[in-house]
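**Q** Requesting a structural model of the entry that follows:
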Amino acid sequence: MTLQVAPEVGDLGPDEQIVVYRVVQEALNNVAEHAEAKAVTIELRRADGRKMLRVTDDGRGFNDATAASPGLGITGMRERARLAGGRLRVRSRPGYGTVVELTL
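**A** Just a heads-up that it's a prediction; the model follows:
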C-alpha cells in the first residue's frame, strides 16, 4: 500500500478528518473483501481548490455501469461525503481495479 499526502492539502477540519478516515476505512475493507488486489494507493491532494482523496486498487474490479445497486458500504461513503458538502465517485471496470474518489 502506498500513501501520498500532498503538502498543499493543508489542515483538515474535524468533519473532514472523520469523512476521510471513514471513506479510506470502507474502501480498504472493500479491497480486502472483494478486490483480490496486489496494490492499493491512497492519495490526498488539492485539485481545483478542493481537497481530494483517491483510493485506487489494481484488483479485479467490477462493472459499475451494470451494478444493480451499490452496497451499503458505498452508499454510506456517499452519504458521509454529501453530509460534509462533498461528493463521492466510484469508477471500476472488470480486470482494471477500482477508484474511489472523495472531493471536499
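
**Q** Regarding this protein, what is its longest helix?
**A** Criterion DSSP state H: the longest helix present in the chain is helix 14-30.

**Q** quick one: average confidence on that one?
**A** Per-residue pLDDT values over helix 14-30 give a mean of 94.

**Q** Could you list the buried residues of it?
**A** Taking 16 or more other C-beta atoms under 10 Å as the basis for neighbour counts, the residues of helix 14-30 that come out buried are Glu16, Val19, Val20, Arg22, Val23, Val24, Glu26, Ala27, Leu28, Asn30. Yep, even glycine has a C-beta here, placed from its N, CA and C like the rest.

**Q** Now the third one. Nearest residue, chain neighbours left out?
**A** Take Val20 and drop its neighbours on the chain: the residue closest to it by C-beta to C-beta, 6 or more residues apart in numbering is Leu53, 5.4 Å away.

**Q** SS state for the one you found?
**A** Reducing the assignment at Leu53 to three states with DSSP: H, G, I helix; E, B strand; the rest coil gives strand.

**Q** ok, now how distant is the residue nearest to Asn30 when sequence neighbours are not counted from Val5?
**A** The shortest distance from Asn30 to any residue other than its chain neighbours is 5.8 Å, reached at Gly73 (C-beta to C-beta, 6+ apart). Noted for Gly73: a distance of 23 Å to Val5, by C-beta to C-beta, to the nearest Å.

**Q** Which one's more surrounded, these two?
**A** For Gly73 against Val5, the residue with the higher neighbour count under other C-beta atoms under 10 Å is Gly73, and the figures read 17 against 11.

**Q** Would you confirm that the more buried one belongs to a helix?
**A** Yes - the assignment for Gly73 is a helix, going by three-state DSSP.

**Q** how close does it get to His34?
**A** Using C-beta to C-beta, one gets 10 Å for the distance from Gly73 to His34.

**Q** Asp58 too?
**A** Shown here: Asp58 relative to His34, a distance of 13 Å by C-beta to C-beta.

**Q** same deal with Leu102?
**A** Between Leu102 and His34 the distance is 19 Å, computed by C-beta to C-beta.

**Q** Stretch 44-58 spans what distance, first to last residue?
**A** In terms of C-alpha to C-alpha, to the nearest Å, the two terminal residues of stretch 44-58 are separated by 18 Å.
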